[in-house]
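1. need coordinates for the below:
(chains A and B)
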Amino acid sequence: MSAEAAATMEIETLPSDPKPASNSLPPKLKFEPLKAHEMSDGRVQFRKVSVPPHRYSPLKKYWMDIYTPIYEQMKIDIRMNLKARKVELKTRSDTPDISNLQKCADFVQAFMLGFDVVDAIALLRMDELYVESFEIKDVKTLRGEHLSRAIGRLSGKGGKTKFAIENATKTRIVIADTKIHILGSFANIKIARDSLCSLILGSPAGKVYSKLRQVSARLAERF
Amino acid sequence: MATSIEAAVESLREIKSKEPPMWLVPKQELSQAVRAASKHLFSSLKPHSPKSPFDQLLIEGFDAEQIWQQIDLQSQPLLYTLRREVKKFEKNPEEISKLKEAIEGGKKKKVVEEKGTDDIDDDDDDDDDLDMDDDDDYDDDEEEEEKKERGREEESEREGEEMELEGEEKGGIEDKFLKIKELQEYLEEDEAKEYGLKKNKKTKTETKKKEEDTEEEEEGEDEEEEEEEDDDNDEAEEEEDELGLFDGDDEDDEDSLENARYEDFFGTKKNKGPKEKAKSRDRFEGDSGSDDEQDFDKRKDGLSTHEEELKKLQSKIEQMEKANLDPKVWTMRGEVTAAQRQKNSALEVDLDFEHNVRPAPVITEEVTASLEDLIKTRISEGLFDDVQKSRSLSSKAPRETKELDDNKSKKGLAEVYEEEFVQKTDPAAAPLSFSDELKKEASMLFKKLCLKLDALSHFHFTPKPVVEDMSIQTNVPALAMEEIAPMAVSDAAMLAPEEVFAGKGDIKEEAELTRSERKRRRANKKRKFKAEAAKRLAKKPRETTQVDSNEGDYSICYSSLHIITLGTNQFLSQTLHTICR
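-> This is a model prediction of the structure:
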C-alpha cells in the first residue's frame, strides 16, 4: 500500500485533510456571543447598590414595581440584602445581554438618588439617558441663608420652577438638600443644568422662564 | 394945435395940482380933464412910436379899460426903445451931447417930461412888459442892439477890443446859468449834428442875439440856446481853427457840406455888419416865414436831398453807436440791485415776474355762501372725510407660544420619550398633545353654550338630537335625593321598575319555595356556573375584558363617560351614594 502510494504519489491526489503546509487558512470558527453567564469564565456577575436610609421605606413601597421589570424583562436576579442595606443584582443564565445588568444597576441607583420608579424605568427602556449630579457649592459658594434661598429659588413655590424646567426640557430633577440630580438625555441635561445654574447664581425665575420658552420652542421646532 | 396943446398942458397942470385925496372919489370934471390930457399925450408921442395903430386916442364913448388899452398899445414898444436909449446914453455919454446938438432944450425937456409922464402912467406896466415879450419886439431890440454892437466892433477892429467887448459881453453873459466852457463842449457836440443846418441858421441866431441876460432871464432855455449859438458864432469868428479842425474830420463824408463855411454865408467879419444888417432887416420883416424860405434856399445850394438823407442816416447811426457804447439802462442790465439803480426807478417800470405764491382768495359773499352750502350738504349726507384707521394686515399667522406647564407632569419620563419617538416615526398616530386636549374641551364647552343661546333666541327652536350616553342611575328614593341634592331634581332619573327587575311568571322568595323548587333552582345555578367556568377557561388566553351587565342594580359607566358627565351635580350625588353603598 505504502509502496503503491509512494509510487503513485505524484499522480494521486489526497482526499484526506489538507496539509498544513499548503497556504489555505483553516476555516473560521463561528462562536456564539458570550452570554452574561459565561463571561469571566462562567462566573456570575454582580452589582450591588447601597440604599440610603431615607430611601428605605420608598424601596419597600415600590419594591414590586422595581422587581418585576428587572426580573422579567431584563432577566436579572435582584434581591435586597437587609443586613448590608444593599440591593444586589446578579446575571442569570438566560440574560441576553451583559448591558442589562448595568442598566438595571443604573435604574436602581436612580431610584436611590430619589427619582420615581416611573421616571427611572426610562433608563431601562432607553439607552441614551444619563443621570448627572452636581452640588450647589460647585456653582457658587453660598452659606447659611443664601443657600436656603438658593434652594428655594431652584424649587420655586410648590415646586413650580422645578416642574417648569422638567416639562420644558423633558428631564427629571431631584433636589436633595445641596445636591442636584438631573435625569434625561444629554442635550436636555445641559439645558436643565444651565437653567438651574442661572437660578443658583441669582437670576429671577421669570428670566429663566423666558429662556426656557425660547429653548423649548426651538426644541419643538426641530421635530 | 397950439391951443389944444396949451389946453392939454393946462389940464395936466390941473391934474398935477390936485391933491391925492381928491382922486379917491370919482368926479366928472377930473375924468374929463384926465382924458383930454391923455389924448394929448398920446398924439404927441405918436411920431416917436412907429408901431402905434392909432393916430389919436379915441376917448368919446369908450370905456376906461378901452382907453387904457389904447395907451398901452402905444406905450409898450415906446418904453423899450426909451430904455435902450437910456442905457446907451448911460454907457456913451457922447451921444447925449450929439442929441443935445440935434435936439434943442424944449425937445429934450419934452422927452424928459414924456419920459417922466410915461413913467408915471406906465409904472404898472413894468412887470407886464417884462412878462409879455413879443418876438417882434424881441427882434426889434435885438436888431438895434446888434446894430450897435456891429458898430462898436467896427470901431475897435481889434481882437483885443473884441475880446474885451466879448469879454464884457461874456462878463455880462456869464452868470449862474451860462458857463462858457460848458457852452463850448455842448457846441462841439451839436456841430456834429447840425453842421450843415447850423450854417443856415446862423443868420437867424445872429438876429436873435442878445447882449444882456438879466432882463430876459425868465425866457429860459430858448434864450440860453440862442445865446450859446450867439457865443458860438462869436467864437467861430474868433477861432476859426476849431471849426477848421472839425471840418477836417467831416470832409471825407460830405464834401459840399464841409466846404460850406461861415464866410460863404456871411462873408468876413469886417464885411459882416452891413450885410448882416440888411439880412437881419429882411428877416425881421419877413419873420419866420422868410426865414424858412431862406433856409430852404440855402439847403438847395449846399446839399442835395440824397445827401441830406445820408446825413440824417449818418447822424442816426452815430447816435445809435453812441448809445451802444454808453452803459446800458438799468432795466437792460440783468440782475440789478437797489444800490445800482436810481431811487424809486423800479416804480416807473412795469415789472413782470413770477409769483410763486397763489394770491390770497378774495372772500366775497358768494364765496362764503358757497362754502356754507357745501357744509350743509355734507352734514345732511353725513359725508365727513374722516381719516380711517388702516388696519395693518398681519401677514404671519401668530406663532403658537408654548406655555410653560408649572405642574408636575403626570406622565413618566419614559412615556414622554415614548411619545416623542412615536411622533418622530409616525406623526398621525401620535396621541393628542396637551394643547389639543384643551382645544377639545373648549370646543365642547362652546357647543353647550351655543345650544343654550339658540334655545333663548330662536322662535322656532329645534333642539339637537340627543346623543345617548351611558350614565349611572341610582335607584335612590326621591326623598333621599331631595334631602341632599339641590332643588331642581326630579325622580325621573330613577330607575323604572322593569329596569330594577326584568322577570316573568311567579316570583317567589326563598322562604316560600317548596323543597323541589329549591332543588330545581340549585340545579340551574350549578349548570350555569359550570358553563361559565368552561367559558372562562377558554377565553383566558385571549384576555378580553368582560362586561357584566347583570351585576347588581347599577348600570355600568365607562371611564370616558365618567369624565364627560363629571360636571353635573346629579352625577356627583349619585356617585356619592354609590360610594356610600
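
2. OK, contacts around whichever residue of chain A sits closest to chain B?
-> When scored by C-beta to the nearest C-beta, chain A has residue A:118 as its residue closest to chain B, at 3.2 Å. C-beta: built from backbone N, CA, C; applies to glycine. If a contact means C-beta atoms under 8 Å, 6 or more residues apart in numbering or on different chains, then residue A:118 has B:412-415 as its contacts.

3. one more pass at 7 Å, please.
-> B:412, B:414 (C-beta atoms under 7 Å, 6 or more residues apart in numbering or on different chains).

4. just the pLDDT for it.
-> Per-residue pLDDT puts residue A:118 at 94.

5. isn't there a strand covering residue A:181?
-> Yes - counting by DSSP: H, G, I helix; E, B strand; the rest coil, residue A:181 is part of a strand.

6. separation between it and residue B:48?
-> As for residue A:181, its distance to residue B:48 is 162 Å (criterion: C-beta to C-beta, to the nearest Å).

7. what's the burial count for the closest residue to chain A within the stretch 401-550 of chain B?
-> Closest residue of the stretch 401-550 of chain B to chain A, C-beta to the nearest C-beta: residue B:412 (3.2 Å). Counted with other C-beta atoms under 10 Å in any protein chain shown, the neighbours of residue B:412 add up to 18.

8. element containing the residue lying closest to it once chain neighbours are set aside, please.
-> Take residue B:412 and drop its neighbours on the chain: the residue closest to it by C-beta to C-beta, 6 or more residues apart in numbering or on different chains is residue A:118, 3.2 Å away. Assigning secondary structure by DSSP states H and E places residue A:118 in helix A:117-125.

9. following that helix, which helix or strand shows up next?
-> strand A:129-135.

10. for that following strand, C-alpha coordinates in PDB please.
-> Taking C-alpha atoms only, strand A:129-135 is exported to PDB below (Å, rounded to 0.1, in the frame of the first residue of the first chain):
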ATOM      1  CA  LEU A 129     -30.400  58.500  29.200                       C
ATOM      2  CA  TYR A 130     -28.000  59.700  31.800                       C
ATOM      3  CA  VAL A 131     -28.000  61.000  35.300                       C
ATOM      4  CA  GLU A 132     -26.000  64.000  36.100                       C
ATOM      5  CA  SER A 133     -25.300  65.100  39.700                       C
ATOM      6  CA  PHE A 134     -23.800  68.300  41.000                       C
ATOM      7  CA  GLU A 135     -23.800  70.300  44.100                       C
END
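
11. any part of that strand near chain B?
-> No - Strand A:129-135 stays clear of chain B (C-beta under 7 Å from any C-beta of the partner chain), getting no nearer than 7.9 Å.

12. please export the C-alpha coordinates of whichever helix or strand comes after that strand as CSV.
-> Using DSSP H and E, the helix or strand that follows strand A:129-135 in sequence is helix A:136-139. C-alpha atoms of helix A:136-139 as CSV (Å, rounded to 0.1, in the frame of the first residue of the first chain):
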residue,chain,number,x,y,z
ILE,A,136,-24.8,73.9,44.6
LYS,A,137,-21.3,74.7,46.0
ASP,A,138,-19.9,73.6,42.7
VAL,A,139,-21.7,76.6,41.0
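
13. related to what we said a few turns ago, what about the residue nearest to residue B:412, distance to residue B:406?
-> Taken as C-beta to C-beta, the span from residue A:118 to residue B:406 is 20 Å.

14. next: residue A:26.
-> 68 Å.

15. those helices in the stretch 301-450 of chain B, which residues are they?
-> Secondary structure of the stretch 301-450 of chain B by DSSP state H, counting those that start in this stretch: the helices cover B:305-325, B:345-348, B:365-381, B:413-425, B:434-457.

16. that should have said the stretch 451-581 of chain B, apologies.
-> Going by DSSP H, counting those that start in this stretch, the stretch 451-581 of chain B shows helices at B:478-484, B:497-500, B:515-539, B:559-564, B:569-580.

17. what's the least confident stretch among these?
-> Of all these, helix B:559-564 has the smallest average pLDDT, which comes to a mean of 46.

18. between residue A:26 and residue B:406, which one's more packed in?
-> residue B:406 (16 against 7).

19. which residues does the helix of greatest length in chain A contact?
-> Criterion DSSP state H: the longest helix present in chain A is helix A:205-222. Residues outside helix A:205-222 that contact it (C-beta under 7 Å, 6+ apart): A:153, A:156, A:161, A:164-165, A:168, A:191, A:195, A:198-199, B:402, B:404.

20. ditto for stretch A:87-94
-> So stretch A:87-94 is contacted by A:36-37, A:44-49, A:51, A:75-81, A:101, A:104-105, A:108 (C-beta under 7 Å, 6+ apart).

21. tell me which residues of it come out buried.
-> Within stretch A:87-94, the residues that count as buried by 16 or more other C-beta atoms under 10 Å in any protein chain shown are A:87, A:89-92.

22. farthest-apart pair in these, please.
-> A:87 and A:92 (16.1 Å; C-beta to C-beta).

23. against residue B:522, how distant is residue B:516?
-> On the measure of C-beta to C-beta, residue B:516 and residue B:522 end up 11 Å apart.

24. ugh, wrong one, residue B:411
-> With C-beta to C-beta as the criterion, residue B:411 and residue B:522 are 52 Å apart.

25. so between the two, which is more surrounded?
-> Neighbour count, other C-beta under 10 Å: between residue B:411 and residue B:522, residue B:411 has more, with 13 against 10.

26. give me the nearest residue to that one, chain neighbours excluded.
-> Residue B:411's closest residue in space is residue B:419 (C-beta to C-beta, 6+ apart), at 7.6 Å.

27. grab the CA positions of the longest helix of chain A and hand them over as CSV.
-> Extracted in CSV, the C-alpha atoms of helix A:205-222 (Å, rounded to 0.1, in the frame of the first residue of the first chain):
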residue,chain,number,x,y,z
ALA,A,205,-37.5,82.9,37.8
GLY,A,206,-39.2,85.0,35.2
LYS,A,207,-36.0,85.3,33.3
VAL,A,208,-35.3,81.6,33.4
TYR,A,209,-38.9,81.0,32.2
SER,A,210,-38.5,83.2,29.2
LYS,A,211,-35.2,81.5,28.3
LEU,A,212,-36.9,78.1,28.7
ARG,A,213,-39.7,79.2,26.5
GLN,A,214,-37.3,80.1,23.7
VAL,A,215,-35.4,76.9,24.2
SER,A,216,-38.5,74.6,24.2
ALA,A,217,-39.8,76.4,21.1
ARG,A,218,-36.6,75.7,19.4
LEU,A,219,-36.6,72.1,20.5
ALA,A,220,-40.1,71.6,19.4
GLU,A,221,-39.3,73.2,16.0
ARG,A,222,-36.6,70.7,15.4
